[in-house]
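Enquirer: What follows is a protein structure lacking sequence information:
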């Protein structure tokens, strides 16, 4: 079977594809090829099946048609304009996160009508759909009340994914990702970028600024665990999702202070000493609109997993991702 | 000040405009003119201010620009493809209910940027946004889990209304209307159409079919009360909405059997005898996905109102709306 990963040049898309390269199959079915789509050419890597790398913009229908040329059985829709960028530029976020997602859903719908098999669409939604009137601890079934344009656009994607699935046009699964940390690479325009930078950059010998206080609580997941959960999503039977294909993924809550202490436990005190503490109102306004505490009962019942500790995340970063 | 009513040829739009014609003002401010927009020419009526009737399709940006030519201070966005039609034709519903609503929001945003004053947008959402995993009694703050494409498209409109309001681009207020009964006129393609027809048509001497059983519980409101609530929405200060501009309107719960008994109390037994009872799976599937019981605490706290009895609704219909 064939897999398409939008945002396939991004760090989660790359990790997911490489993991498929190791396993060679998903849910017991052999992978015959993967298409990686992104706005810039995704990096190459070796796998026991062909990797097709396609440059395209999901807000253009013709580009989406090119991404889908191989009629993927599973579409991982990870491509998005991140939170800080979507807040800074409403039109950009609407074009990529809303129109782009609609283009993917409609292309999947057309493919299903042509082939007679509704493709699976696994959608990376976000913790940012929660906020505002949501309670301090987010339980399942709470009204989505995003306090950012990014969260709003993700919530819209969820609703459409659910409706298209209800109609049998696609087999959708929406996962609300906790903040993924420690991300490798460079800081990006996500408001949550610092939640990786203050660990990654300081472990790599650079300074990094933390724009919130030590007691700020983060609902987070490691790159490794989120990749495992994205793969698990493809193996869960459709009917167990019931009336709602969108779920809060498991994660864990630690304060920034607790995460720094974990880093120090694993790697010594030097990295933490390279963190600076200047507050940033723009970032603070977005991330304090998110929730730090969750009880994702449905996802746990469906077999999705959380990390045991942030120490493990630091060890994994040092082993696999440090520059 | 100027008012635009999309769906201004529809029965709620007409009642709302005529009510403004009686009061001449809203929230203490004098009305200088009303634009009624619809896909067919809205009916004329006399008012103490000019009525501008515009034929247009909200899915066309140029038509929306024509509707907004007078730079309305308040936009009542009532135009929609109804539930049964949106379920039968996904593309039609997406075009009018999603693209059309986006066109209205974006035109309002552009107007606000031009004039320096964010226009008020009062959006008619629907009880159909609730269902699926929502509890038996819908309390405020429950995840929207629509089980129809109509409900999905309304929920998307709500999210965008909220985000545009949060950004200060518009002053949005989204009201989730209970089923409005007794509607005058003809049956329409709403799945809830029978909830008016079995009273209206039989009171008018015709037969009418009820596709659900007598114990089916309906969360409903009268035309008169929903018009008063739409007007009230324009007078509530923006800040009291807090983090969510979208609310469940008050209504009342009665079973179909209780509503028929109320009709018989008011008008005698002849009408009820003209109801036939053939089940209809298509309608049943949509309306049993809705909820019959609500506790709309936030709307009640904001001064929105419910009907005291369905007997009053029958009396009002006989007095004002019977053909």
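Expert: That came through, no problem. Source: prediction; values computed, not measured.
Enquirer: Now do the domain split for chain A, please.
Expert: A:2-178+A:222-248, A:194-218+A:252-321 (automatic domain parsing).
Enquirer: now do the same end-to-end measure for the last one.
Expert: Meaning domain A:194-218+A:252-321. This stretch, domain A:194-218+A:252-321, spans 17 Å end to end (Cα to Cα, to the nearest Å).
Enquirer: Of all the domains of chain A, which one comes closest to chain B?
Expert: Set against chain B and scored by Cβ to the nearest Cβ, the domains of chain A come closest in domain A:2-178+A:222-248, at 3.1 Å. Where you see a C-beta, it was placed from the backbone N, CA and C, and this is true even at glycine.
Enquirer: Can you tell me which of the domains of chain A is packed in deepest?
Expert: domain A:2-178+A:222-248 (a mean of 20; mean count of other Cβ atoms under 10 Å in any protein chain shown).
Enquirer: Show me the strands in the stretch 201-323 of chain A, by range?
Expert: Ranges of strands in the stretch 201-323 of chain A, per DSSP state E, counting those that start in this stretch, are A:208-209, A:217-221, A:246-248, A:252-255, A:275-276, A:293-295.
Enquirer: quick check, the third one touching chain B?
Expert: No. Taking Cβ under 8 Å from any Cβ of the partner chain as the criterion, strand A:246-248 and chain B are apart, separated by no less than 8.8 Å.
Enquirer: which secondary structure elements does that strand contact?
Expert: helix A:149-166, strand A:171-177, helix A:297-301 (3 or more Cβ pairs under 8 Å, 6 or more residues apart in numbering or on different chains; DSSP states H and E).
Enquirer: what's the helix or strand hosting residue A:86 packed up against?
Expert: Here residue A:86, judged by DSSP states H and E, is contained in helix A:83-88. Packed against helix A:83-88 by the contact rule (3+ Cβ pairs under 8 Å, 6+ apart) you find helix A:90-93, helix A:149-166, helix A:281-287.
Enquirer: okay, the angle between the second one and strand A:171-177?
Expert: Going back to what we said before, that points to helix A:149-166. If you take axes from the mean of the first three to the mean of the last three Cα atoms, to 10 degrees, helix A:149-166 sits at 150 degrees to strand A:171-177.
Enquirer: ok, helix A:149-166 near chain B or not?
Expert: Yes. Using Cβ under 8 Å from any Cβ, helix A:149-166 reaches chain B at A:149, A:152, A:155-156, A:159-160, A:162-163, A:166.
Enquirer: tell me which of these is nearest to residue A:143?
Expert: Of all the residues of helix A:149-166 next to chain B, the one with the least separation from residue A:143 (Cβ to Cβ) is residue A:155, at 9.9 Å.
Enquirer: what's near enough to touch that closest one?
Expert: Residues near residue A:155 by Cβ atoms under 8 Å, 6 or more residues apart in numbering or on different chains: A:125, A:129, A:144, A:146, B:159.
Enquirer: Can you list which of these are found in helices?
Expert: residue B:159 (DSSP state H).
Enquirer: what helix or strand does residue A:198 sit in?
Expert: helix A:194-203.
Enquirer: Who are the contact partners of the residue lying closest to residue A:183 once chain neighbours are set aside?
Expert: Among residues not flanking residue A:183 along the chain, residue A:196 sits closest, at 4.0 Å (Cβ to Cβ, 6 or more residues apart in numbering or on different chains). Listed by Cβ under 8 Å, 6+ apart, the contact partners of residue A:196 are A:180-183, A:187.
Enquirer: Near chain B, which residues of the stretch 201-323 of chain A? Just list them.
Expert: Counting by Cβ under 8 Å from any Cβ, the residues of the stretch 201-323 of chain A near chain B are A:242-244.
Enquirer: would CSV of those residues with pLDDT be doable?
Expert: Output for these, formatted as CSV (pLDDT from 0 to 100):
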residue, pLDDT
A:242, 95
A:243, 96
A:244, 97
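Enquirer: out of those, who's nearest residue A:280?
Expert: So of these, ranked by how close each gets to residue A:280 (Cβ to Cβ), first place is residue A:244, at 35.2 Å.
Enquirer: residues in contact with stretch A:314-323?
Expert: Residues contacting stretch A:314-323 (Cβ under 8 Å, 6+ apart): A:182, A:184-185, A:199-200, A:203-204, A:222-224, A:262-263, A:266-267.
Enquirer: lowest confidence element among the helices and strands of chain A?
Expert: helix A:281-287 (a mean of 90; mean pLDDT, DSSP states H and E).
Enquirer: For residue A:89, what are phi and psi?
Expert: phi -140, psi 90 (degrees, to the nearest 10).
Enquirer: Tell me which two in the residues of helix A:149-166 next to chain B are the farthest apart.
Expert: Maximum distance among the residues of helix A:149-166 next to chain B (Cβ to Cβ): 26.0 Å, for A:149 and A:166.
Enquirer: Contacts only, for the nearest residue to residue A:160 once chain neighbours are set aside.
Expert: Leaving aside its sequence neighbours, residue A:160 sits nearest to residue A:105 (Cβ to Cβ, 6+ apart; 5.7 Å). Counting by Cβ under 8 Å, 6+ apart, residue A:105 makes contact with A:121, A:160-161, A:164, A:170.
Enquirer: Tell me the confidence at residue A:105?
Expert: In this prediction, residue A:105 carries a pLDDT score of 98.
Enquirer: Check residue A:157 too.
Expert: For residue A:157, the predicted pLDDT is 98.
Enquirer: residues contacting the closest residue to it other than its chain neighbours?
Expert: Among residues not flanking residue A:157 along the chain, residue A:101 sits closest, at 4.2 Å (Cβ to Cβ, 6+ apart). Contacts of residue A:101 were listed using Cβ under 8 Å, 6+ apart, and they are A:58, A:77, A:123, A:153, A:156-157, A:160.
Enquirer: so can I have a markdown table of the residues you listed showing distance to residue B:24?
Expert: Listed next are the contacts of residue A:101 as a markdown table, based on distance: Cβ to Cβ, whole Å:
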| residue | distance to residue B:24 |
| --- | --- |
| A:58 | 50 |
| A:77 | 52 |
| A:123 | 50 |
| A:153 | 41 |
| A:156 | 39 |
| A:157 | 44 |
| A:160 | 42 |
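Enquirer: From what I see, residue A:3 and residue A:26 are in contact.
Expert: Yes. Counting by Cβ atoms under 8 Å, residue A:26 is a contact partner of residue A:3 at 7.4 Å.
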